[in-house]
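*Asks:* generate a structure from the sequence data that follows.
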Amino acid sequence: MSVAEFEAKMPVSEYVERFVDVDKFLEKCKECPMYDRKWSCPSFDFDPLDFWKKYRTIRLVARKINIDKHSEEDPQDIFYSARKRLLYKIKAMESLSPRSVTLAAGSCDYCGRDNCARARGERCTYPDKCQYSLEALGGDVELTAKELFGLDMQWDLNGELPDYYVIVGALLTID
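*Replies:* As a prediction, the model looks like this:
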């Protein structure tokens, strides 16, 4: 397995104009089993476009994880491990930038993949640690990866592993 990392920075207003379609991705989110089951996933009690407007700059970080199809490692373990390392990197960037916020690659797993308090009808246990994703806020990650990093997303199809995975997270800042 090898990993390549890419970064891009732009005004949030430009990112929203080029890559955000809240209505389109809300419909896709409704098809997901996490819809209304994680605090980081829709439905929200706020307008995602208002959320974007609080920030001026987005710093996107993408990782391309090449899959060794002959490896004995579980590809899902590779994917989740890479996702967690990307989250740690962006959280470290967040710690250096006051009033910034991390957007995770995928839904928040702080409490564990299937242990969010929302699924039990409870308030978020760690609201200061919960992370939204680009997708949850209407971001088109596939288009982002293609246009900003030249990466085509690949998916597991009919039990066949892709050649690589692409994950994208971001840091939103007020500066």
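*Asks:* pull out the buried positions in stretch 120-135.
*Replies:* Neighbour-count burial for stretch 120-135 flags 124, 130, 131, 132, 133, 134, 135 (criterion: 16 or more other Cβ atoms under 10 Å). All C-beta spots, glycine's among them, are computed from the backbone N, C-alpha and C.
*Asks:* out of the residues you listed, which comes closest to residue 44?
*Replies:* residue 132 (8.6 Å; Cβ to Cβ).
*Asks:* just so I have it, where are all the helices in this structure?
*Replies:* 12-19, 22-30, 48-53, 75-95, 141-149 (DSSP state H).
*Asks:* ranking helices and strands of the chain by mean pLDDT, which lands last?
*Replies:* The least trusted helix or strand in the chain, going by mean pLDDT, DSSP states H and E, turns out to be helix 75-95, with a mean of 88.
*Asks:* so who does the residue most central in space within the chain touch?
*Replies:* Centroid-nearest residue in the chain, with Cα atoms, centre = their mean: residue 105, separated by 2.4 Å. Applying Cβ atoms under 8 Å, 6 or more residues apart in numbering to residue 105 gives the contacts 83, 86, 87, 133, 134, 167, 168, 169.
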